[in-house]
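Peer 1: quick check, what structure comes out for this input:
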Amino acid sequence: MPMCKCFASIAGYLHCLEKSGDFLMKRICVVGSLNVDFTIILPRFHAPGETISGSDFAVYTGGKGGNQAVALGRLGADVAMAGRIGDDENGSLYRRILRQERVRDDFVSVCDTPTGVALIEVDARTGDNRIALFSGANAQVDAAFIDRLWPALSAYDIFLMQFEIPMPTVLHAAEKIAGLGKTLIVDPAPAQPLPEALRRCAAYITPNETELALITGMPIGDQAQAQAAAQALCAQGARGVVAKLGAAGALLVTPEGAQHVPGFAVRAVDTTAAGDSFNAGFAFALAQGKSPLEATVFANAVGALSTTAMGAQAAMPSLDAALALMARTR
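Peer 2: This next block holds a predicted model:
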């Protein structure tokens, strides 16, 4: 499908949804991590043993699970978050943010382990980041937690999961989700090997280039190599792969074929949550009944806009902002 037609299709369709309340949006649940990010802006990344001064510091709510849930809330999705926080100020802060962003927090429970924390360095010149993570309460998201919530969680239609909670929990939840024929989107981040069972359960796997290389063991030096690796992942059982290529956009690969979906040109300031925002945009469009190709176009717009301001969640766009970017590009 030509990109201009795809832009027009999804933009017009979503505008119609904004104006009419008679479309039943599919319900989305994010199962994953909730971290509080301590972010410092540096003139450059420092060498081992070197101390350099930052130009700014801020505290943000983050974690891949929470980021995706908040991004969905900003877009106007019917979204719930399932995860764990500590009985501390960071946990209380996160619960307030979820409610503020219209994310259901019924499935967020408190445990006796501190809320997860991420230490983030951002290069002021490029917007690139380096992250050190303390899992904290996220490590307490176990199979028993999923089982307790499952009667309520099973009412949701689309699920997003990542790898900042224990892998046995991811596998346990994925099998239950797939067993009911629900749509599961797996973001294999932080990068680690992808179990065969998870490839079979996921409707879509959404790696970036680094994650795709680790999962497949294949080099990713250009778009052709990324496509070959994504096709290999499909051959190993994945039903759909959406490979995130940063500013170059994304590759949508299924057993039926491959499609490069160009990205949107923006001035990147902080790329911390671009991948999380992309996943939220993809899930949001699928929840509207859009095709995987149209969902990838929309995901590119949401992901691009999320890089235009500091903080994992601060720059996550509204539906209007995403549509405006698509309209300008069209």
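Peer 1: and T272, helix, strand or coil?
Peer 2: Remark: T272 carries the secondary structure label coil [criterion: DSSP: H, G, I helix; E, B strand; the rest coil].
Peer 1: contacts only, for it.
Peer 2: Counting by Cβ atoms under 8 Å, 6 or more residues apart in numbering, T272 makes contact with 37, 39, 62, 120, 122, 129, 131, 311-312. C-betas here are computed from N, CA, C, even on glycine.
Peer 1: turn the residues you listed into TSV, including pLDDT and distance to R84.
Peer 2: Shown next, in TSV, are those (pLDDT from 0 to 100; distance: Cβ to Cβ, whole Å):
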residue	pLDDT	distance to R84
D37	87	17
T39	87	22
G62	90	15
I120	86	21
V122	87	27
N129	83	25
I131	84	20
G311	73	22
A312	76	19
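Peer 1: just the closest of these to G289, please.
Peer 2: Comparing the contacts of T272 against G289 with Cβ to Cβ places A312 closest, at 28.7 Å.
Peer 1: surely the closest one is within a strand?
Peer 2: No: secondary structure assignment (three-state DSSP) places A312 in coil, not in a strand.
Peer 1: count of residues packed around it?
Peer 2: 29 (other Cβ atoms under 10 Å).
Peer 1: check the one 5 residues further on too.
Peer 2: Other residues within reach of P317, judged by other Cβ under 10 Å, total 24.
Peer 1: which non-adjacent residue is nearest it?
Peer 2: L305 (4.0 Å; Cβ to Cβ, 6 or more residues apart in numbering).
Peer 1: check K64 too.
Peer 2: Q162 (4.1 Å).
Peer 1: quick one: contacts for that neighbour?
Peer 2: 32-33, 64-65, 68, 186-189.
Peer 1: kindly report the same for L214.
Peer 2: Here L214 is in contact with 191-193 (Cβ under 8 Å, 6+ apart).
Peer 1: mind listing the helices for the chain?
Peer 2: Per DSSP state H, the chain carries helices over the ranges 3-19, 64-75, 89-100, 143-153, 167-179, 196-201, 209-216, 223-235, 274-287, 292-305, 319-329.
Peer 1: most tightly surrounded among those helices?
Peer 2: helix 64-75 (a mean of 30; mean count of other Cβ atoms under 10 Å).
Peer 1: and that one, what does it pack onto?
Peer 2: If you count contacts as 3 or more Cβ pairs under 8 Å, 6 or more residues apart in numbering; DSSP states H and E, helix 64-75 packs onto strand 28-31, strand 79-86, helix 89-100, strand 158-161, helix 274-287, helix 319-329.
Peer 1: distance between the ends of stretch 177-191?
Peer 2: 22 Å (Cα to Cα, to the nearest Å).
Peer 1: so Q231 is in contact with A258, correct?
Peer 2: Yes: contact criterion Cβ atoms under 8 Å: Q231 and A258 qualify, at 6.6 Å.
Peer 1: let's check: the centremost residue of the chain is which one?
Peer 2: D276 (2.5 Å; Cα atoms, centre = their mean).
Peer 1: re earlier: among the helices and strands packed on helix 64-75, which is nearest E294?
Peer 2: Of the helices and strands packed on helix 64-75, nearest to E294 by Cβ to Cβ is helix 274-287, at 6.1 Å.
Peer 1: what's the angle from that closest one to helix 209-216?
Peer 2: 80 degrees (axes from the mean of the first three to the mean of the last three Cα atoms, to 10 degrees).
Peer 1: what is the mean pLDDT for helix 274-287?
Peer 2: Averaging pLDDT along helix 274-287 gives 97.
Peer 1: which neighbouring elements make contact with that helix?
Peer 2: Helix 274-287 packs on strand 28-31, helix 64-75, strand 158-161, strand 183-186, strand 241-244, helix 292-305, going by 3+ Cβ pairs under 8 Å, 6+ apart.
Peer 1: TSV for those, including distance to N208 and mean pLDDT?
Peer 2: Listed next are these as TSV, based on distance: least, Cβ to Cβ, whole Å; pLDDT from 0 to 100:
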stretch	distance to N208	mean pLDDT
strand 28-31	18	98
helix 64-75	12	97
strand 158-161	15	98
strand 183-186	13	98
strand 241-244	4	96
helix 292-305	11	95
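Peer 1: as a markdown table, these with distance to T113 would be great.
Peer 2: Shown next, in a markdown table, are those (distance: least, Cβ to Cβ, whole Å):
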| stretch | distance to T113 |
| --- | --- |
| strand 28-31 | 18 |
| helix 64-75 | 16 |
| strand 158-161 | 20 |
| strand 183-186 | 25 |
| strand 241-244 | 31 |
| helix 292-305 | 31 |
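Peer 1: can you count the residues close to T61?
Peer 2: With other Cβ under 10 Å as criterion, T61 counts 25.
Peer 1: tell me what it is bridged to.
Peer 2: Beta-bridge partners recorded for T61 (DSSP bridges): V36.
Peer 1: let the chain start at 750 from now.
Peer 2: I'll keep to 750 as the first residue from here, and by that count the last item is T810.
Peer 1: re the thing from before, closest one to C860 among the helices and strands packed on helix 813-824?
Peer 2: Ranked by Cβ to Cβ, the member of the helices and strands packed on helix 813-824 that lies closest to C860 is strand 828-835, at 5.2 Å.
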